[in-house]
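Colleague: Okay, predicted coordinates and the sequence, questions at the end:
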Amino acid sequence: MPKKKKQTASADNGKDLCLLRTPPIRPDGAVKIPAIRLVYLPFGILIDKFAPFAMAALIYALLISLLSFVFGYPYVCTTGIPAASFCSQTDGFYALYMLAKYFLLFLFSANWYRLAFEDKPFTIKNLFFINRSTLTAMGILALFLVLNFTPMLSFYLLWIREPNPDVVVEVTYFAVVSIGFLVPFAVMRFYSLFGFALDDCRLPGLREVWTRSRGNTLRILVALFLIFFLALFVFFNMFVSIQGYAGSKTLWGGISSEYLYEFLLLLLTTLFINHCYLQKLFLFGESVDEGNN
């Protein structure tokens, strides 16, 4: 990507927004995202940079697969197939396993962003690089994940709710709890923050992000739905295919299915990270590494 003269926004705590260019802003402060490009470019970026992705994903998939077998929770053990010898008989360490797995997943996401969009060379150091900005970005991803699970919490609270004879109380409870179903639609307009955290630049204010993304909700939703639909299609077909291991329950079947599952998970995660980058690019323009990474 050719270097352009850097423009900076107002400083905040010694940091700038560090933009190379500013996209066209409408009078209301919003920026129009090109819908078609937002839909297909996450896939185009993956295709263009498939070689570094494959090398990074192969290594991370191996680490996550080893983690799954160490704790006894490989994918094949969660598909309803009778437990094999390598499956854990308890769920006592499941929470610890998930924390470790998501740490590796978020670490892959952060370092994939650097490899793909900051032109960092493919080295072991850059593949597992951690600094303050990495941890900040991983924290933002974790927050996105938690907030996107709020519909499940809302559904659970409505499911266990005992009907109240007071109509006002019932309607109020339903209205408040149902807000959780709308949270992901609001959160998806802030995915650009992930890229700013990794650039070690000043994070734009939430109000500024909300203003710039105004009018783009449907475009963002369509782009994310395509990735979500692909994820459903891939994992549903894998779930169906994995039932063929029910008769054998071999260690080789468990290892191969686990490795494939983790590789596909990293691939779909990469599409999401590409989407985050594109939101940042279209809403705020291009940014540069400030040399703090």
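Modeller: Structure's in. What do you need?

Colleague: and Ile25, how many residues sit next to it?
Modeller: By other C-beta atoms under 10 Å, 13 other residues sit near Ile25. Where C-beta positions appear, they are placed from N, C-alpha and C, glycine not excepted.

Colleague: ugh, wrong one, Gly205
Modeller: Applying other C-beta under 10 Å, we find 10 other residues in the vicinity of Gly205.

Colleague: residue boundaries of the helices in the stretch 101-250 of the chain?
Modeller: Listed in chain order, the helices of the stretch 101-250 of the chain (DSSP state H, counting those that start in this stretch) span 124-127, 132-148, 150-160, 167-178, 183-187, 193-198, 206-212, 217-242.

Colleague: Quick one: closest of those helices to Leu96.
Modeller: helix 132-148 (15.6 Å; C-beta to C-beta).

Colleague: Now the lowest-mean-pLDDT helix or strand in the chain: buried residues?
Modeller: Lowest mean confidence among the helices and strands of the chain (mean pLDDT, DSSP states H and E): helix 167-178, at a mean of 87. Across helix 167-178, burial judged by 16 or more other C-beta atoms under 10 Å covers Val177.

Colleague: and that helix, how far out from the chain's middle?
Modeller: 32 Å (C-alpha atoms, centre = their mean, to the nearest Å).

Colleague: Against which helices or strands is it packed?
Modeller: For helix 167-178, the packing partners by 3 or more C-beta pairs under 8 Å, 6 or more residues apart in numbering; DSSP states H and E come out as helix 150-160.

Colleague: chain center to the longest helix along the chain, what's the gap?
Modeller: Longest helix in the chain, counting residues (DSSP state H): helix 251-284. The chain centre lies 8 Å from the centre of helix 251-284; the measure is C-alpha atoms, centre = their mean.

Colleague: by contact count, what packs against that helix?
Modeller: Taking 3+ C-beta pairs under 8 Å, 6+ apart as the contact cut, helix 251-284 packs with helix 35-48, helix 50-71, helix 94-117, helix 193-198, helix 206-212, helix 217-242.

Colleague: Give me the mean pLDDT for it.
Modeller: Averaging pLDDT along helix 251-284 yields 90.

Colleague: and if you look at stretch 190-208?
Modeller: For stretch 190-208, the mean confidence score works out to 88.
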